[in-house]
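Visitor: Pasting the sequence and the predicted coordinates here, then a few questions.
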Amino acid sequence: MHLPRHALSALVLAIAASSNAHALDLAEAYEKARKNDPNWSAAQNNYEAEQASVAIGRGGLLPTLGITGSLAENSDEPETSGKADYTSTVLGAKLTQPLFRADAWYGYQRSKAIGSQAEAALRSQEQELALRVAQAYFAVLSAQETLAYAEAEESAFARQRDQAQQRFDVGLIAITDVLEARAAHDGARAGKISADAALSTAQENLWAIIGENPATRLVPLKADAPLVKPVPSDPDAWVNLARERNPELAAARETVNTAQASKREVKSAFLPAVDLFASYSDAERDPAGLINTNGSSFSYGIEANWTLFAGGRTWAASKQASYREAASRDLLTATERQVVNTARTAYLNVAADSYRVEARQQALASSESSLAAVEAGYEVGTRNIVDVLLSQRNLYAAKRDYAAARYDYVINSLRLKAASGQLSEVDIKQLNGWLDPNASIVSAPEKAAESGPAPVKKKR
């Protein structure tokens, strides 16, 4: 008994909704994610906030201008004269230009490292967004395809159950065959329920990223999508690219630079601070002329400040900064090892996936041929219903494995790009070209529909 193609086609159309409805493709989903994903928005805001650190650090090296003023009511009782009550006003301004400020200089270097670290982190978040969108998008497609196969499998087992019941009614098979067919159908129903729940979960995950309900049809992957080995075909070449371009590794390097500058900034507290200054003040303290303190003054010069002892705080802060620098170097080593491992693993997975898809396709063809042979043997009595049910299970498992291998190849290809620091919107658009709005959701080829199971003849 061959599975009629029209049953699976009808299910695919039901999942895909109307063919005239707008289908959401990967590029559109990515654009929606860039506008609506809160994690990406937070990453951009954090980047802008850290970029302000550069201006803050630079400000410590530039001139500062301060204005002071006071208004006071005074009451004096000098010994040589009577009591005097008067109002005094003082206005002043001071311009200061740092001449030697080691703490400000290293603070500026630290702020630049923070800015570079934020830029690398933003690039990493951008790659992570592209990868999350693609994973969520293809997870929905995979769940839709799995549900289609689960529905078709349930339908096939339902027909097998009905046929077994008919054969039992006319005395061709034993009741155990009917029970086996019913159990297989019940198991297929449970699988369909699980597949339906998995599809809902996948759609919710995509919705959380793009900010819209993805219940509309997604553009499926072409049946002839180019699944080839990655170029260059050398894992060491991809590892070298990852060391050079991976943004997470770049951010870890900038973290070390930040820690180094922080340590120098803290240690600079042992050094003096030297400033160039110019000040001007105007005072009117005694309008009645009782005390001759009215007038203005202007001064300029160099002033120095050197803290010789601060209760051990500077020494302790210096030790703390040294430990943090050592920790940042350890994290850099750990990050580099992780990046190298990720790049090499991603390459090996993509290279294996390019062969795995072909192998799964061959396994699918073999499962179809095996089922046809077992069904033929069942018709003539050389095979039992358990053999048929097992072959049908193997066929649908082969279909799911073939579909999973194709989606694994796509996602692992993106992971390889991300590990080597090359994943961008261009790759998303290129991958979008592998989609076809007119393609079927199911990727496994189906055999042509047959006339149906052989009629059951009653014994005389």
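Guide: On my side now, so go ahead.
Visitor: centroid residue for the chain?
Guide: Geometric centre of the chain, nearest residue: Glu128, 3.0 Å, by C-alpha atoms, centre = their mean.
Visitor: Could you check how far that residue is from Arg337?
Guide: Separation of Glu128 from Arg337 (C-beta to C-beta, to the nearest Å) stands at 19 Å. For every residue, glycine as well, the C-beta is placed using N, CA and C.
Visitor: Show me what stretch 267-276 is in contact with.
Guide: 96-103, 105-106, 300-307, 310, 314, 317-318, 321 (C-beta atoms under 8 Å, 6 or more residues apart in numbering).
Visitor: Narrow those to those that are buried.
Guide: Those of the contacts of stretch 267-276 that meet the buried threshold are Pro98, Arg101, Ala102, Asp103, Trp105, Tyr106, Ala317, Ser318, Ala321, by 16 or more other C-beta atoms under 10 Å.
Visitor: Helices - which of those land there?
Guide: The members of the buried ones among the contacts of stretch 267-276 that map onto helices under DSSP state H are Ala102, Asp103, Trp105, Tyr106, Ala317, Ser318, Ala321.
Visitor: Run through the residues that contact the residue nearest to the centre of the chain.
Guide: Ala418.
Visitor: That one and Tyr300, how far apart?
Guide: Taking C-beta to C-beta, one finds Glu128 at 54 Å from Tyr300.
Visitor: Over to Pro63?
Guide: Taken as C-beta to C-beta, the span from Pro63 to Tyr300 is 13 Å.
Visitor: Quickly note the distance from the residue nearest to the centre of the chain to Glu50.
Guide: Distance from Glu128 to Glu50, by C-beta to C-beta: 17 Å.
Visitor: So for the strand ranked longest in the chain, what gets flagged as buried?
Guide: Assignment by DSSP state E gives strand 84-100 as the longest strand of the chain. Using 16+ other C-beta under 10 Å as the test for burial, strand 84-100 gives Tyr86, Ser88, Gly92, Lys94, Pro98.
Visitor: Specify the residue ranges that define each domain of this protein.
Guide: 5-61+101-271+311-432, 65-100+272-305 (automatic domain parsing).
Visitor: Tell me which of the ones you listed sits most buried.
Guide: Ranked by mean neighbour count under mean count of other C-beta atoms under 10 Å, the domains of the chain are led by domain 5-61+101-271+311-432, which reaches a mean of 18.
Visitor: And it, how far out from the chain middle?
Guide: Centroid separation for domain 5-61+101-271+311-432 versus its chain: 10 Å, with C-alpha atoms, centre = their mean, to the nearest Å.
Visitor: what do you get for stretch 49-65?
Guide: 32 Å.
Visitor: which outside residues touch it?
Guide: With C-beta under 8 Å, 6+ apart, stretch 49-65 has contacts from 93-98, 101, 103-105, 107-112, 114-115, 117-119.
Visitor: Then stretch 236-247?
Guide: With C-beta under 8 Å, 6+ apart, stretch 236-247 has contacts from 120-121, 123-124, 127, 230, 232, 249, 336, 339-340, 342-344, 346-347, 416, 419-422.
Visitor: Recalculate using a threshold of 6 Å.
Guide: Ala120, Arg123, Ser124, Val339, Val340, Ala343, Arg344, Tyr347, Ala419, Ser420, Gly421 (C-beta atoms under 6 Å, 6 or more residues apart in numbering).
Visitor: is it true that the third one touches Glu248?
Guide: Yes - with contact defined as C-beta atoms under 6 Å, Ser124 and Glu248 form a contacting pair (4.8 Å).
Visitor: quick one: contacts for Ala208?
Guide: So Ala208 contacts nothing (C-beta under 6 Å, 6+ apart).
Visitor: what's the helix or strand for it?
Guide: Assigned by DSSP states H and E, Ala208 belongs to helix 175-210.
Visitor: Can you name the element that comes right after that helix?
Guide: helix 235-245.
Visitor: got the angle between the next helix or strand along the chain from that next one and helix 235-245?
Guide: The helix or strand immediately downstream of helix 235-245 is helix 247-267, counting by DSSP H and E. Inter-element angle recorded for helix 247-267 and helix 235-245: 40 degrees (by axes from the mean of the first three to the mean of the last three C-alpha atoms, to 10 degrees).
Visitor: tell me the average confidence for helix 247-267?
Guide: Averaged across helix 247-267, the pLDDT comes to 94.
Visitor: for stretch 392-405, same thing?
Guide: pLDDT averaged over stretch 392-405 gives 92.
Visitor: Show me where the stretch 301-450 of the chain dips below the pLDDT cut-off.
Guide: For the stretch 301-450 of the chain, the stretches with pLDDT under 70 are 444-450.
Visitor: Where do the helices of it begin and end?
Guide: Secondary structure of the stretch 301-450 of the chain (DSSP state H, counting those that start in this stretch): helices located at 313-380, 385-419, 425-432.
Visitor: so which of these gets nearest His185?
Guide: helix 385-419 (9.3 Å; C-beta to C-beta).
Visitor: Which strands or helices does the closest one pack on?
Guide: Applying 3 or more C-beta pairs under 6 Å, 6 or more residues apart in numbering; DSSP states H and E, we find helix 385-419 packed against helix 102-169, helix 175-210, helix 313-380.
Visitor: Output these in TSV, with distance to Asp401 appended to each entry.
Guide: TSV is the format used below for these (distance: least, C-beta to C-beta, whole Å):
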stretch	distance to Asp401
helix 102-169	11
helix 175-210	15
helix 313-380	5
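Visitor: Of these, which is nearest Pro226?
Guide: With C-beta to C-beta as the measure, helix 313-380 is the member of the helices and strands packed on helix 385-419 nearest Pro226 (9.8 Å).
Visitor: tell me what the closest one is packed against?
Guide: helix 235-245, helix 247-267, helix 385-419.
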